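Asks: need a structure here:
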Amino acid sequence: ERTSTPAPAPAASIAAEIALPPAERDALLASLEQAVRRQPDDPALASRYRAQCVRLAEHERSVRFFERLAGEIADSRNVRLQLAAAYIDQIPTCGGVAAVVCKGSLARGSLDQLDHLLRDDPEWWPALYCRAMNHLHWPRALRHSAASAEDFEHCVAIQEAAGEPAAQPHFVRSYIGLGDARAKDGDFDGALAALKAGLAV
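Replies: Numbering: from 1, shown residues only. Have a look, this model is predicted:
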């Protein structure tokens, strides 16, 4: 399984969408929300809704929607994964004197959702990769890089166990992330080894 990563919209398109009248903005997002409710386990559809919320600067709406949906459909792991991502989507909106606290709270909320998913299925690659990326982007002083490396190592192990037929182009990101995490943790030899392993694959 894989999650889709929405491409950024052109600046002109973003400006045009933000300028939509409130009623049109609401109708657009409400339509997508109905579609996600009908197909809660479709990662591409849910990602498209999140991307539209980002374009329209409706980050909080996205978070509230997935929070409600996670409560209603507790067994949908895609919904919980999208909630974890929605928290991260909102981080760039944090500003002012409370920015650090805001970013930390959102990142921690995302980790909580990913931890929940991985307690249920420790081998689910999308959640492992997302948690690894979350840990990777915490400030170095908070010492999340070792946890990031551990999750990326687990991702690589899952990929290698699956064998070549299951290889996907995005699997290369696990090696790159592992190299970054080890370097951030001061293990430069380990970082180089991870990148060489990725090149070999």
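Asks: what sits against Asp185?
Replies: Each residue near Asp185 by Cβ atoms under 8 Å, 6 or more residues apart in numbering is listed here: 145-146, 149. C-beta here means a position set from N, CA and C on the backbone, and glycine is covered the same way.
Asks: quick one: which of those residues is most hemmed in?
Replies: With neighbours taken as other Cβ atoms under 10 Å, the top of the contacts of Asp185 is Ala149, carrying 26 neighbours.
Asks: which non-adjacent residue is nearest it?
Replies: Ala181 (3.9 Å; Cβ to Cβ, 6 or more residues apart in numbering).
Asks: Distance of the one you found relative to Asp121?
Replies: 22 Å (Cβ to Cβ, to the nearest Å).
Asks: Mind checking which of the two has more residues around it?
Replies: Between Ala181 and Asp121, Ala181 has the larger neighbour count (other Cβ under 10 Å), namely 27 against 11.
Asks: Could you pull up the contacting residues of the more buried one?
Replies: Ala181 neighbours (Cβ under 8 Å, 6+ apart): 132, 135-136, 145-146, 148-149, 152.
Asks: give the contact list for the spatially most central residue of the chain.
Replies: For the chain, Ala85 is the residue whose C-alpha lies nearest the centre (Cα atoms, centre = their mean; 4.0 Å). Applying Cβ under 8 Å, 6+ apart to Ala85 gives the contacts 3, 47, 50, 110, 130.
Asks: same deal with Ile73?
Replies: Per Cβ under 8 Å, 6+ apart, neighbours of Ile73: 40, 79.
Asks: How confident is the prediction for it, by pLDDT?
Replies: With respect to pLDDT, Ile73 scores 94.
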